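Q: Next input, structure requested:
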Amino acid sequence: MLTILVVDDSKTLRFALSKMIEKMGHKAILASNGEEAMHLFKRERPGLVLLDVMMPDTDGYTVAQQMRRYRIDDWVPIIFLSAKEDDQDLERGIEAGGDDYLVKPVSYVVLSAKIRAMQRIDDMRQRLLQLSQELAQANMELEIQSHQDGLTGLANRRFFDSYLAQEIGRLRRSQGWLSLLLCDVDHFKKYNDGYGHLAGDECLQVIAESMRHACQRPTDIAARYGGEEFAVVLPDTDPDGAIVVARNIMRNVAVRALPHAYSPTSLHVTASLGIASVRVTPDLTNAALILRADEALYQAKSGGRNRYFIYAGLTARRADEDAGDTLKHIEG
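A: Numbering: from 1, shown residues only. Got it, this is the predicted structure:
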C-alpha cells in the first residue's frame with residue numbers, strides 16, 4: 001500500500017482523487033496549497049505525489065523543486081495535474097522534477113495505470129539500489145581480503161610493503177620517527193613438527209592476537225610478514241615507544257602460556273623481536289629499514305631468543321624481559 005499525497009486547491013478534486021486512491025487500496029493524504037503540501041511531505045514521507053500545477057500561493061513546479069531538494073537522495077514519483085494540455089507545460093514539469101503529467105479531469109483507469117507504472121519503476125529502482133549496495137559490500141570485502149592475511153586476520157605482506165613505503169614517504173618531509181618491529185616465533189618448526197600443522201596454525205593466531213593487542217593506535221599496523229614471522233609498523237614512534245610495544249607483545253605471548261615441550265628455550269611458546277627505530281631521511285627505503293630490523297632480530301635469536309634487540313642508528317641494544325636492559329654495541 002502506498003501513501004499518496006494529493007495536492008490541489010479544489011476541494012472537489014481532492015475528494016474525488018482520494019476516493020479513487022482508496023479504491024485502489026492506497027492511503028490518501030490531502031493538501032490544499034504548497035505550504036501544507038511541504039508540511040505533509042516532510043511529516044508523512046509519501047511514496048507518490050499528485051501535484052496540481054496551478055495553485056493560488058505557490059505553483060506546483062516550485063513545490064516539486066522544494067520536494068526534490070528536501071529528499072535529494074530519495075526518489076519520490078511526482079505526477080503533475082493540470083487542466084492544460086500543452087507540450088511546454090509538460091517540458092517545464094519534467095525540468096522541475098516531475099515524472100509524469102495528467103490532464104484534468106483524471107479518470108480512474110488512467111490514474112490507476114500511472115500509479116502502477118510508477119510502482120514498477122520504483123521497484124526496479126529499489127532492486128538496483130539493493131544490487132548496488134551488495135556490490136559495494138562485496139567490493140569492500142574483497143578490498144579487505146586483498147590486504148588481509150587469511151590465517152591470522154592481520155595485514156598481509158603486500159599491504160605491509162605498501163604501508164611502510166607510504167609512511168616513509170610521509171615522514172620524510174618532517175624527518176619524523178618511524179619504528180619497525182620484526183617478530184619471529186621461537187623454534188616454530190619444532191612446534192609444528194611436534195604438535196601438528198593445525199596446532200601450528202593456532203599458535204600463529206595466538207601470536208597475531210598478541211601483536212594486535214599491543215598496537216594502541218589506528219596508525220600502528222601489525223602484519224604477517226611470512227611464515228612464522230610478523231611485523232609491526234609504528235609511525236611517529238621513537239625507540240622508547242617501540243620498546244613499550246615490544247614488551248607488550250612479549251608479555252601478551254607469555255600470558256597465553258602455550259606449552260612448547262620441544263623448545264630448548266622455554267616450556268612455553270616465546271618470541272624474539274628485532275626493532276629498528278630511525279628518523280626518516282631522504283635516502284631511507286623499505287629495504288634499508290627492514291634490513292636493520294632483521295639484523296636486530298638476528299641478534300635477539302643469537303643471544304638466546306625470548307628477547308628483543310633494538311637497532312637505533314648504528315647501535316643495537318639487547319634487553320631480556322626478566323633481567324632488564326643491558327647495552328651491547330654491534331657494528332653498523
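Q: Quick check: residue 78 vs residue 7, distance?
A: 10 Å (C-beta to C-beta, to the nearest Å). To be clear about C-beta, it is placed using only N, CA and C from the backbone, and glycine gets the same treatment.
Q: more crowded one of those two?
A: Between residue 78 and residue 7, residue 7 has the larger neighbour count (other C-beta atoms under 10 Å), namely 29 against 26.
Q: so the more buried one bridges to which residues?
A: Counting by DSSP bridges, residue 7 forms beta bridges with residue 31, residue 51.
Q: and the closest residue to residue 301 other than its chain neighbours, what helix or strand is that in?
A: Counting by C-beta to C-beta, 6 or more residues apart in numbering, residue 301 lies nearest to residue 272, which is 4.9 Å off, once chain neighbours are set aside. Under the criterion of DSSP states H and E, residue 272 resides in strand 271-279.
Q: Extract the C-alpha set from that strand and format it as PDB.
A: Taking Å, rounded to 0.1, in the frame of the first residue of the first chain, the C-alpha atoms of strand 271-279 are listed here in PDB:
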ATOM      1  CA  ALA A 271      59.000 -14.900  20.500                       C
ATOM      2  CA  SER A 272      62.100 -12.900  19.600                       C
ATOM      3  CA  LEU A 273      61.900  -9.400  18.300                       C
ATOM      4  CA  GLY A 274      64.100  -7.100  16.300                       C
ATOM      5  CA  ILE A 275      63.400  -3.400  16.300                       C
ATOM      6  CA  ALA A 276      64.600  -0.600  14.000                       C
ATOM      7  CA  SER A 277      63.900   3.000  15.100                       C
ATOM      8  CA  VAL A 278      65.000   5.800  12.900                       C
ATOM      9  CA  ARG A 279      64.400   9.400  11.900                       C
END
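Q: What's the mean pLDDT across whichever helix or strand comes after that strand?
A: Sequence order places helix 286-302 as the next helix or strand after strand 271-279, per DSSP H and E. What helix 286-302 shows for mean pLDDT is 94.
Q: what does stretch 229-249 give?
A: Averaged across stretch 229-249, the pLDDT comes to 95.
Q: and the most centrally placed residue in the chain, what element?
A: Centroid-nearest residue in the chain: residue 140, 7.2 Å away (criterion: C-alpha atoms, centre = their mean). Assigned by DSSP H and E, residue 140 belongs to helix 108-147.
Q: If you count neighbours, what's buried in that helix?
A: Residues 111, 114-115, 118, 122, 147 are the ones in helix 108-147 that count as buried (16 or more other C-beta atoms under 10 Å).
Q: again, but for stretch 172-190
A: Buried-residue list, stretch 172-190, by 16+ other C-beta under 10 Å: 172, 176-188.
Q: Likewise for stretch 249-262?
A: Under 16+ other C-beta under 10 Å, the buried positions of stretch 249-262 are 249-250, 252-254, 258, 260.
Q: about what we covered before: could you name the helices and strands sitting against the helix or strand following the helix holding residue 140?
A: Going down the chain from helix 108-147, the next helix or strand is helix 157-172, by DSSP H and E. If contacts are counted by 3 or more C-beta pairs under 8 Å, 6 or more residues apart in numbering; DSSP states H and E, helix 157-172 sits against helix 108-147, strand 177-185, strand 221-226, strand 229-235, helix 286-302.
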